[in-house]
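J.: Can you look at this prediction? I've put the sequence above it.
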Amino acid sequence: MLLREVEYARPASVRDAVRLLSEHDGARALAGGQTLINVMKSRAASPDVLVDLQDLAELKAIDLAADGTLTVGSMVTYTELVESVEARARPILGDVCATIADVQVRNRGTIGGNVCSNDPTNHLPPLMVALGATMTIVGTDGERDVPAEDFFIGVYMTAAGAGELVTKIVIPAGKGDGFAAVTIGKDGTCIVSAAASLDGGAPRIAIGCVDAVPVRVEVSSTAADAVREAVRAANLDPPGDVHASSGYRRHLAEVLAARAVEQAEQRRN
Ligand SMILES: Cc1cc2nc3c(=O)[nH]c(=O)nc-3n(C[C@H](O)[C@H](O)[C@H](O)COP(=O)(O)OP(=O)(O)OC[C@H]3O[C@@H](n4cnc5c(N)ncnc54)[C@H](O)[C@@H]3O)c2cc1C
């Protein structure tokens, strides 16, 4: 289906982008367009103004600090993350991005667009929660940092409000991360996903596709039985659909969390 008529702006600075987004009620940031353009084609959203972020070079940087902190600009594509030497500091990032959809989507889709769309089936929201990432949000009132756990607030909803931009994602130093998912076909949409990080002692586990936002599960041990019991005790109530019943998603959550922790342990050593 053809797009409705829409104004198009291509600002040269973050300040101009934020100004344009906040001046127009119906303005939306355009990153890789891999979600937004499809949503516009289906008429599920009809923004009045598209604010294209492609010219904002400062959103395309990947920086690895001496202490191991990794800062990824929101306009960095999946392919750039896969190929980045700096991002190998946290290899799970590139490894997961390499499995998102297909080459076309990976060449256009961005880390910022992935977290900002907060589709519960997207790969990166649970991973960002498990890694303890922080999103930097810029608006007309200035800049603030929001931990991933507070960033995802509902289906397609995040802490980045109208008129605001996510400029970068900061991932603390660490090693020992894992990710496991059951998808629809190879490299397809997740039915359930689980991410785990072992840095700092007890595993940080986040489960995707079982609720509107990634679900954190607390556990003090890396033993598979303990992880599965912790997921069971979280009393997940996932939706059922044509791909998996609610009960099967609950089962997958247990199995995948244990697998993600196991992978994280293998990578820590
Ligand atoms: C065929 C297909 C299969 C896919 N399969 C998967 C999959 O298996 N797993 C997966 O994770 N994803 C999948 N995706 C989605 C893909 O990863 C998208 O790239 C991603 O969801 C959005 O990123 P984008 O850069 O394209 O953002 P866009 O589509 O441009 O934007 C998405 C939303 O985020 C907002 N936004 C974007 N950047 C910012 C920013 N910096 N600040 C504030 N708001 C912003 C936009 O306004 C828009 O509302 C798939 C997409 C397609 C087309």
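T.: Cool, got the structure. Computed from a predicted model, the values in this text were never measured in an experiment.
J.: tally of neighbours for the nearest residue to residue 194 once chain neighbours are set aside?
T.: Spatially, and ignoring its direct neighbours in sequence, residue 194 is nearest to residue 256 (3.9 Å; Cβ to Cβ, 6 or more residues apart in numbering). All C-beta atoms are positioned from the backbone trio N, CA, C, and that covers glycine. Using other Cβ atoms under 10 Å, residue 256 has 29 neighbouring residues.
J.: Then residue 218?
T.: So residue 218, with other Cβ under 10 Å, has 11 neighbours.
J.: what's the answer for residue 172, then?
T.: 16.
J.: one step back: help me confirm that the residue nearest to residue 194 is found in a helix?
T.: Yes - under DSSP: H, G, I helix; E, B strand; the rest coil, residue 256 sits within a helix.
J.: who's in contact with it?
T.: Residue 256 is in contact with 180, 181, 182, 192, 193, 194, 207, counting by Cβ atoms under 8 Å, 6 or more residues apart in numbering.
J.: mind checking how far it is from residue 238?
T.: 12 Å (Cβ to Cβ, to the nearest Å).
J.: Need the overlap of contacts for those two.
T.: Joint contacts of residue 256 and residue 238 (Cβ under 8 Å, 6+ apart) are residue 192.
J.: Contact partners for the residue lying closest to residue 98 once chain neighbours are set aside?
T.: What sits nearest to residue 98 in space, not counting adjacent residues and going by Cβ to Cβ, 6+ apart, is residue 82, at 4.9 Å. By Cβ under 8 Å, 6+ apart, the residues touching residue 82 are 94, 97, 98, 106.
J.: Between all of the residues you listed, which two are separated the most?
T.: 94 and 106 (10.8 Å; Cβ to Cβ).
J.: Mind checking which of the two has more residues around it?
T.: The neighbour count for residue 94 versus residue 106, taken as other Cβ under 10 Å, is higher for residue 106 (21 against 17).
J.: Show me which positions of whatever helix or strand that one lives in end up buried.
T.: If you go by DSSP states H and E, residue 106 is part of helix 103-108. For helix 103-108, the buried set under the neighbour-count rule, 16 or more other Cβ atoms under 10 Å, comprises 105, 106, 108.
J.: Find the nearest non-adjacent residue to residue 239, please.
T.: Using Cβ to Cβ, 6+ apart, the nearest residue to residue 239 is residue 246, at 6.4 Å.
J.: Please report how far that neighbour lies from residue 172.
T.: 34 Å.
J.: Report the distance from the helix or strand of the chain with the lowest mean pLDDT to the chain centre.
T.: Confidence across the helices and strands of the chain bottoms out at helix 36-41, with a mean of 94, counting by mean pLDDT, DSSP states H and E. Taking the mean of its C-alpha atoms, helix 36-41 sits 19 Å from the chain's own mean (Cα atoms, centre = their mean, to the nearest Å).
J.: by contact count, what packs against that helix?
T.: The contact analysis (3 or more Cβ pairs under 8 Å, 6 or more residues apart in numbering; DSSP states H and E) places helix 36-41 against strand 27-30.
J.: So what are the sheet partners of the strand it packs on and their directions?
T.: strand 49-52 (parallel) (DSSP bridges).
J.: after the strand it pairs with comes which helix or strand?
T.: Moving toward the C-terminus from strand 49-52, the next helix or strand (DSSP H and E) is strand 62-64.
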